[in-house]
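Peer 1: What follows is a predicted structure for the sequence shown.
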Amino acid sequence: MKTRITLLLALVMSVFAPNSHAEDFKGNWTISPSTEAGQVQFSLIHRRDGGFSQSESDWPVSEFQGLDLSTAAKHDVKFTISRDAGRFDCEGYVRDGDGAGLFRFTRDAQYTKAMSALGFDNIDENMQFAMAVHDVSLDFARSLKAEKVSGLTTEMLLAFRIHGVTPQYIRELRAAGVAPNDSDLLVAFRIHGVTPEYVASIEKLGYKNLEPEKLVAMRIHGVTPEYITGMKARGLKNLTIDQLVNLRIHDID
């Protein structure tokens, strides 16, 4: 599992500003309406030395300081997005909520010092750019540190933010009777959809105190509450988790 997460993080870091220096964090941005209320779909496109990378996700519209989205006609725009890790200065045009332009990223010089004080070191300029894109704030770092999970490195903190491993998510899992205190397992839980609701539904069927690794295997291979209920209805009432996983692996339904 650790190898998989490490490779994932290596891929993430290769996407954000490969082989670049502080003054090279500039490129293109695009914006479009989002299906989520209060959000816009925002992308950052970075090119260097023949390479190409792009990040696209929903960002809170409230973060776009100076951006006018109320005017339908095509118009020039100039706005900034300030996050703990740094500031994005953008200019371009918008029409009917869709737009494009150029951006420049400026790192916050105090961010690495503040993160180091929390125990998160080795933040080079590539990492800081990625942490700004994904809004790895100081409050986020403090709140995760307080949950006392093992293996919470700088890279894993970024992975937590990307995959939605929040303090609330960790506390809800613990309340459901699962204590995955390992960072790699928590990321795997989010990637494969091990939610507190899923854990509760499995426990209602008589499977309690499951090991975190077994929960991940169940989600990977599609052992759902409906699948277990169906097997019970056909007389297979005492199957173990390992047996259920093997049945799904061999497409027995």
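Peer 2: Thanks, I have it.

Peer 1: residues contacting residue 166?
Peer 2: Contacts were defined as CB atoms under 8 Å, 6 or more residues apart in numbering; by that measure residue 166 touches 143, 160. All C-beta atoms are positioned from the backbone trio N, CA, C, and that covers glycine.

Peer 1: same question, the one 5 residues further on
Peer 2: If you count contacts by CB under 8 Å, 6+ apart, residue 171 has them with residue 147.

Peer 1: at 10 Å what do you get?
Peer 2: With contact taken as CB atoms under 10 Å, 6 or more residues apart in numbering, residue 171 is in contact with 147, 196.

Peer 1: what does residue 237 give?
Peer 2: With contacts defined as CB under 10 Å, 6+ apart, the neighbours of residue 237 are 206, 228, 231.

Peer 1: What helix or strand is residue 200 located in?
Peer 2: In the assignment (DSSP states H and E), residue 200 maps to helix 196-204.

Peer 1: the inter-axis angle of the next helix or strand after that helix versus helix 196-204?
Peer 2: Where DSSP H and E defines the elements, the next helix or strand beyond helix 196-204 is helix 212-221. Taking axes from the mean of the first three to the mean of the last three CA atoms, to 10 degrees, helix 212-221 and helix 196-204 form an angle of 100 degrees between their directions.

Peer 1: Going by neighbour count, which residues of the helix holding residue 200 are buried?
Peer 2: Along helix 196-204, these residues count as buried under the neighbour rule (16 or more other CB atoms under 10 Å): 196, 198-199, 201-203.

Peer 1: Distance to residue 100 added to these, as CSV?
Peer 2: As requested, the buried residues of helix 196-204 are arranged in CSV below (distance: CB to CB, whole Å):
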residue, distance to residue 100
196, 40
198, 40
199, 43
201, 44
202, 46
203, 49
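
Peer 1: ok so, going back, most neighbours, which of the contacts of residue 237?
Peer 2: With neighbours defined as other CB atoms under 10 Å, the most crowded of the contacts of residue 237 is residue 228; it has 22 neighbours.

Peer 1: check contacts around residue 121.
Peer 2: Applying CB under 10 Å, 6+ apart as the definition, the contact partners of residue 121 turn out to be 112, 115, 153-154.

Peer 1: In PyMOL, how would I select the buried members of these?
Peer 2: Buried members of these can be picked out in PyMOL with the line below, counting by 16+ other CB under 10 Å:
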select buried, resi 112+115+154
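
Peer 1: which residues does residue 27 contact?
Peer 2: Residues touching residue 27, when contacts are defined by CB under 10 Å, 6+ apart, comprise 17, 20, 43-48, 52-54, 102-105.

Peer 1: Now do the same for it: helix, strand or coil?
Peer 2: Three-state call for residue 27 (DSSP: H, G, I helix; E, B strand; the rest coil): strand.

Peer 1: mind checking how far the residue lying closest to it once chain neighbours are set aside is from residue 136?
Peer 2: Take residue 27 and drop its neighbours on the chain: the residue closest to it by CB to CB, 6 or more residues apart in numbering is residue 46, 4.1 Å away. Applying CB to CB, to the nearest Å, the value for residue 46 to residue 136 is 18 Å.

Peer 1: Give the helix, strand or coil label for residue 44.
Peer 2: Secondary structure of residue 44, reduced to three states by three-state DSSP: strand.

Peer 1: Which residue comes closest to residue 101 once chain neighbours are left out?
Peer 2: In space, not counting the residues next to it along the chain, residue 101 is nearest to residue 92; the distance is 1.5 Å by CB to CB, 6+ apart.
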